[in-house]
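Participant: A predicted structure for the sequence below; I have some questions about it.
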Amino acid sequence: MAAVIDGDVIFYQFSRSLMERGNFRYLRIRTEIRGWTLLKERLRFPLTVTVTLFIPTLNEITGMRVIMPRIQSSWCDQILISDGGSTDGTVAYAKEHGYDLHIQSKPGIRHAYIEAWPLIKGDTVITFSPDGNCVPEVIPDLIAKMKEGYDMVVGSRYFQGAKSEDDDLMTAFGNWMFTTTINLLHGGRYTDAMGIYRSYRANLFRELDLHKEESYVTEKLLCTVMGIEPLLSVRAAKRKLKIGEVAGPEPRRIGGDRKLLPIRWGGAYLLQVLREVYYWK
Ligand SMILES: Nc1nc2c(ncn2[C@@H]2O[C@H](COP(=O)(O)OP(=O)(O)OP(=O)(O)O)[C@@H](O)[C@H]2O)c(=O)[nH]1
Ligand SMILES: [Mg+2]
């Protein structure tokens with residue numbers, strides 16, 4: 001703060017104050033120069049966030065039975081399951097527990113997101129895998145960090161001492177290689193750009209055009225249907241959004257089968273990450 005006074009006229013004054021309006025807290029910067037006042041509002045922090053826990057499932061009943069009871073109801077306002085055609089009782093479990101439920105009509109993980117996104121009620125979404133790979137107790141850390149005004153907070157498997165017990169040589173290398181490539185090509189500062197476990201403003205999905213078919217054309221070359229996380233990481237970095245990370249250690253999968261197709265998805269993701277250098281500004 002500084003004030004330069006020449007006679008009665010304030011020559012220059014600068015002050016900062018915290019303001020609350022609606023659900024947001026702002027840092028207000030007021031600069032007065034020769035009687036002219038300039039007001040700037042900076043750094044918007046949400047005071048509260050409403051949270052949807054979004055869970056894509058494909059035959060995950062074993063993990064669901066162990067993991068879902070560890071999720072405290074006070075942590076989120078909505079639990080939304082998007083199921084890809086499970087035949088092992090996952091859907092019955094979701095109904096029994098009163099979760100919101102969508103059954104996919106098109107196959108492939110990204111359609112689980114695209115189709116169910118309109119059902120999200122929270123302003124903040126946490127994407128979560130119930131297969132044992134996501135530690136439920138990290139949810140409050142993700143929410144607390146979102147309240148500091150972040151657009152996205154990644155539950156990183158490689159941050160602040162966190163480790164993945166689920167990685168094999170190929171996935172460990174793939175996650176490192178993609179994260180490094182995304183940081184170098186698109187200006188990210190991620191330690192984990194590939195994981196599902198993260199929270200973000202729900203409307204980022206449309207702001208970053210993740211709902212559009214044209215965003216995923218590279219999957220056609222490898223005859224697969226890819227996920228949305230790598231593209232979300234790329235475009236959030238390209239837009240220079242406020243991105244944070246918390247430690248999200250990854251335990252082993254509990255039961256069920258791995259759905260990841262490392263070669264096909266790896267190829268499609270690599271082409272997608274490279275294409276983004278010139279496509280989508
Ligand atoms: N609705 C739906 N869910 C899917 C589909 N493919 C995978 N999932 C679910 O998405 C969640 C996250 O899967 P991932 O953790 O990315 O994949 P994974 O098969 O566990 O492989 P790794 O964790 O890398 O070992 C799990 O609950 C899967 O059951 C799909 O096509 N549709
Ligand atoms: Mg998994």
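Facilitator: Received it, and whenever you're ready, just let me know what you need. Only a predicted model underlies this, so the values are computations on that prediction, with no experimental measurement involved. Residues are numbered from 1 along each chain as shown. Ligands and ions are numbered 1, 2, ... in the order given.
Participant: Leu260 touches Met170, doesn't it?
Facilitator: No: applying CB atoms under 8 Å, one finds Leu260 not in contact with Met170, separated by 9.8 Å. Glycine gets a C-beta too; all of them are placed from N, C-alpha and C.
Participant: pretty sure Tyr26 is touching Leu18, no?
Facilitator: Yes: counting by CB under 8 Å, Tyr26 touches Leu18, with 7.2 Å between them.
Participant: what about the two, which has more around it?
Facilitator: Tyr26 (17 against 10; other CB atoms under 10 Å).
Participant: not counting sequence-adjacent ones, nearest residue to the residue in the chain positioned nearest to ligand 1?
Facilitator: Residue of the chain nearest ligand 1, by CB to the nearest ligand atom: Gly84 (2.5 Å). Closest residue to Gly84 apart from its sequence neighbours, by CB to CB, 6 or more residues apart in numbering: Leu58 at 4.2 Å.
Participant: can you pull the contacts of that neighbour?
Facilitator: Contacts were defined as CB atoms under 8 Å, 6 or more residues apart in numbering; by that measure Leu58 touches Asp83, Gly84, Gly85, Ser86, Thr90, Lys259.
Participant: surely the third one and Pro107 touch.
Facilitator: So that's Gly85. Yes: using CB under 8 Å, Gly85 makes contact with Pro107 at a distance of 7.3 Å.
Participant: in the lengthiest helix in the chain, what counts as buried?
Facilitator: Determined from DSSP state H, the single longest helix within the chain is helix 169-186. For helix 169-186, a neighbour-count test (16 or more other CB atoms under 10 Å) marks Thr171, Gly174, Asn175, Trp176, Phe178, Thr179, Thr181, Ile182, Asn183, His186 as buried.
Participant: now stretch 152-167
Facilitator: Met152, Val153, Val154, Gly155, Ser156, Arg157, Tyr158, Phe159, Ala162, Ser164, Asp166, Asp167.
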